[in-house]
Structure formats: C-alpha cells, structure tokens
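Enquirer: Task: produce atomic coordinates for the following.
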Amino acid sequence: MNRFHVKHSIKEITVNKNILREARELYQKNEPLLESYLDELLDWNQKINLVSRSVSRETVREHVVHSLIPVVLGLMGDIEEWIDSGTGGGLPGIPLSIVLNEKTFWLNDNVKKKVMAVSGIVDALGLENVKTLPKSISLVGLKTGTGIVTKHAFKIGDLLRLTKKKPWKKIIMWKGIEGAKEEIKRIHSNIECTLYSFNFGEEFYEGKGLVVLEK
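Expert: Residues are numbered from 1 along each chain as shown. Predicted structure coming up:
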C-alpha cells in the first residue's frame, strides 16, 4: 500500500487475478440475462453508436466482466441506491443491476438518444430495479447516501465539481490508473481516495483499475 503526498487521504491497493476469476464466476452465475444484455446492446448499437462498431462480442463481454469487479471487491454492499452517470450503453449500470437486483440503479446520461436506447434495453430485459435520467448529473437530485458509478465518462475533478453540493456517499470510477494518479494530484477536495490497480496479467486489463472516492 503506497501513500502519495497530496492534500487528501490516498491509498493504492493491488488487485490480483483471483478477483478477475471471481468476477467471471459471477458473470457465469448470471449468464442468461447478461448474454441477453449483450444481444440488446449490440442490436441497439446498429442504430445508435453506444460502443465501437468494430468491437467484437467477446470484447464487449469482457467490458461486462470488468463492470462487475467492484461487486467481488465488496465495494457496493453498503449502499442501496446507485446512479450510473455517463452510462452510454448501460455500462457499468446494467450489469451491476442484474447481479445486484436488490438494489436500485439509475442510468444517467445527458445524451437523450443514449438514454432512449438504454431504456429500451431495460424494458427488454425486464429490469424492475432500473430507471433512467436523461440530464446532466449536475441537475440530478441525489438522495443522501447515494453511490455513483461511472466507466471512463469523466475526469475525476470534473465529476467532483458537478456533484460538489450533492450528498453522495461513494463514487466508483473505472479509469486508467496512471492517468487517475495525475488527475488526483489536481484535486483539492477533502475526500478519501483508494486506487485499486489490476494485476491480472491480461492485455485487456493492463494499466486499468478503479478509483473509489468517499466523503
């Protein structure tokens, strides 16, 4: 565990391949619905650009596994309501809502046609614990204790600025770890920050990790 000399509490944790194995096992336990999500996502992607048109189904499936890692790390059990901001095609919010179906998820994006697409996906999958919000996160009224997840949609400082006066409890961000370290150096908020660096030995996960911010 390494600490950086900045104005707020920061620690770094290396995550080994056992966590990736557990995330893949979690995928397998929920495989029928998660595979249906892939079907819907790739179908909608022909109409609205949600993910790269050239990406393979196998790569999109790995993005779904990637989305499940906070669950096996035990980072989401203490919060009952989550908002996925900058959700795009529903990553990470839809996979998380499937495996954590006792929790409430809001899919948020300021691009209305993307929200239309994820609304269609949610309806097709019959996800009763998911709702959508087509507006900027800065305009969303959060309940006290809400969690925020976001996958490659914001710089850390930008998201903190947009949610500065909101009563969130925890933010989980999927980021490239070296870029995240540079972003954190420019933050002056009084928050605790933990960097989870992936050491999985696979090209897809090389240099990737999670940033967890807590008030």
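
Enquirer: Run the chain-centre distance for the lengthiest strand in the chain.
Expert: Using DSSP state E, we find that the single longest strand of the chain is strand 168-176. Strand 168-176 has its average C-alpha position 7 Å from the chain's average C-alpha position, going by CA atoms, centre = their mean, to the nearest Å.

Enquirer: ditto for stretch 105-116
Expert: With CA atoms, centre = their mean, you get 14 Å for stretch 105-116.

Enquirer: all helices of this protein, in order?
Expert: 17-29, 31-45, 57-72, 93-99, 112-125, 156-162, 177-185 (DSSP state H).

Enquirer: Could I have the CA atoms of the fourth one written out in CSV?
Expert: As requested, the backbone C-alpha atoms of helix 93-99 are provided in CSV (Å, rounded to 0.1, in the frame of the first residue of the first chain):
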residue,chain,number,x,y,z
GLY,A,93,-25.0,0.1,-14.6
ILE,A,94,-27.0,-2.6,-16.3
PRO,A,95,-24.6,-5.5,-15.5
LEU,A,96,-24.4,-4.2,-11.9
SER,A,97,-28.2,-4.0,-11.7
ILE,A,98,-28.5,-7.6,-12.9
VAL,A,99,-26.2,-9.1,-10.3
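
Enquirer: which helices and strands sit right next to it?
Expert: helix 31-45, helix 57-72, strand 81-85, strand 104-108, helix 112-125, strand 130-133 (3 or more CB pairs under 8 Å, 6 or more residues apart in numbering; DSSP states H and E). The C-beta positions use only the backbone N, C-alpha and C, and glycine is treated the same way.
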